[in-house]
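Asks: Sequence first, predicted model second:
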Amino acid sequence: QVQLVEFGGGLVQAGGSLRLSCAASGNIFSINAMGWYRQAPGKQRELVATMASGDSSNYADSVKGRFTISRDNAKNTVYLQMSSLKPEDTAVYYCHALITYRTGGPTYQWWGQGTQVTVSS
């Protein structure tokens, strides 16, 4: 069993900053990728940013230049530094991880419980 626990959501004014963190724990052999998705009311869940085990990162066009993803592999933790926040960034942010339980084993995806980010205008 694996748990992804998120921290750092909240209410912020437009132009402000927030930092999200997500720590993975449990039966983990390796984490192939960790990242963040978000879902606004009435919209589909969308990719925000991901980082592979080799530290290559991928961002949604809407957040490039404003958000920065980073990982601490020793702590199985991923961070999302969000700056210049806009009202349209308001959403529930979900941590996501691709995890293997044993060497050569299959990869499984896990999701955190979500953390609310609200940006007021």
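Replies: Alright, I've got the coordinates.
Asks: host element of the most centrally placed residue in the chain?
Replies: Nearest to the mean C-alpha position of the chain, by CA atoms, centre = their mean, lies W36 at 2.4 Å. Using DSSP states H and E, W36 sits within strand 30-39.
Asks: Which strands or helices does the helix or strand following that strand pack on?
Replies: Per DSSP H and E, the first helix or strand lying C-terminal to strand 30-39 is strand 46-52. Applying 3 or more CB pairs under 8 Å, 6 or more residues apart in numbering; DSSP states H and E, one finds that strand 46-52 contacts strand 30-39, strand 57-59, strand 67-72, strand 77-82. (Glycine included, C-beta is placed from N, CA and C.)
Asks: Sheet partners, orientation included, of strand 46-52?
Replies: The sheet places strand 46-52 alongside strand 30-39 (antiparallel), strand 57-59 (antiparallel), with pairing taken from DSSP bridges.
Asks: Using neighbour counts, pick out the buried residues of that strand.
Replies: 48-51 (16 or more other CB atoms under 10 Å).
Asks: Point out where this protein drops to low pLDDT.
Replies: Across the chain, nothing is flagged by pLDDT under 70.
Asks: Now with 80, please.
Replies: Across the chain, the ranges flagged by pLDDT under 80 are 54.
Asks: Name the nearest residue to A40, ignoring sequence neighbours.
Replies: Residue nearest to A40 in three dimensions, not counting chain neighbours: A91, with 4.2 Å by CB to CB, 6 or more residues apart in numbering.
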